[in-house]
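**Student:** curious how this folds, go ahead:
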Amino acid sequence: MTENEIFNALHRGGKFALPYLIKMYHPTTGALYFVNNNENVAYNGHTYNASAFNYKPPQTIGGVLKAGSLEITAIDNSVIEFLDLSNELMEVTAVGVLDAGGVITPLKSFVHKYGTVGIDETMKVNIAFKNDDRLEMNFPPYIFDSDNNVGNA
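**Tutor:** Have a look, this model is predicted:
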C-alpha cells in the first residue's frame, strides 16, 4: 500500500482501521514501541509490542493539521513509568501501518511533540496532541502599557 492508499482507506473508507506502529521516544529515557495488534511485530530492527490503543491522526482544518490523540492501555507495559520520567522532550511518532497481508507501510507524516497527558481509573493513558504555537507568540513576550510600566509608558 502506498501512503496515499492508506490515507484514502482511512479517511474515505468508512469503518476501516489499520493497526498503527507507534514509537514513544525521549532522548534520555529511551523508546517504547507498540503496535495495535494481537501479536508483536518486528520492523527496522525493533520489536513493536502488541498493545491495545486508539491512535487518531490529526485532521486537516483550514489547511493546517490539528488535534490528534492517542489512547493506550497502561496494563502490561511501562507507559506510565516512561511518562513519569519524561519531560517536554518526549515525542510520539506514527511509524507505519500494518495492512491485512502483514506488510508494513512506513508513514513519515506524524511526529507529535506537543500535547497533554491524562490517566484514568481504568489504566488508560490519554494523550491529546496540540500544534506548535510558537508562531502565535508575541515578541517581546511583554506588552508595555501604562498599567504595567507606569514610569516609562
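**Student:** show me where this structure has its strands.
**Tutor:** Ranges of strands within the chain are 20-26, 30-35, 41-43, 46-50, 53-56, 59-61, 64-66, 69-73, 91-98, 104-106, 111-112, 115-119, 124-129, based on DSSP state E.
**Student:** how about a markdown table for these, with mean neighbour count and mean pLDDT added?
**Tutor:** Any C-beta I mention is one placed from the backbone N, CA and C, and that applies to glycine too. Converted to a markdown table, the strands of the chain look like this (neighbours: other Cβ atoms under 10 Å; pLDDT from 0 to 100):
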| stretch | mean neighbour count | mean pLDDT |
| --- | --- | --- |
| strand 20-26 | 22 | 91 |
| strand 30-35 | 19 | 92 |
| strand 41-43 | 15 | 92 |
| strand 46-50 | 16 | 93 |
| strand 53-56 | 18 | 88 |
| strand 59-61 | 10 | 76 |
| strand 64-66 | 12 | 71 |
| strand 69-73 | 19 | 89 |
| strand 91-98 | 21 | 88 |
| strand 104-106 | 16 | 86 |
| strand 111-112 | 18 | 81 |
| strand 115-119 | 13 | 86 |
| strand 124-129 | 18 | 88 |
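**Student:** tabulate those (a markdown table), appending distance to residue 82.
**Tutor:** Listed next are the strands of the chain as a markdown table, based on distance: least, Cβ to Cβ, whole Å:
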| stretch | distance to residue 82 |
| --- | --- |
| strand 20-26 | 6 |
| strand 30-35 | 6 |
| strand 41-43 | 19 |
| strand 46-50 | 12 |
| strand 53-56 | 14 |
| strand 59-61 | 27 |
| strand 64-66 | 25 |
| strand 69-73 | 11 |
| strand 91-98 | 11 |
| strand 104-106 | 23 |
| strand 111-112 | 15 |
| strand 115-119 | 11 |
| strand 124-129 | 10 |
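**Student:** for those, which one sits closest to residue 148?
**Tutor:** Closest approach to residue 148 among the strands of the chain is made by strand 115-119 (29.3 Å; Cβ to Cβ).
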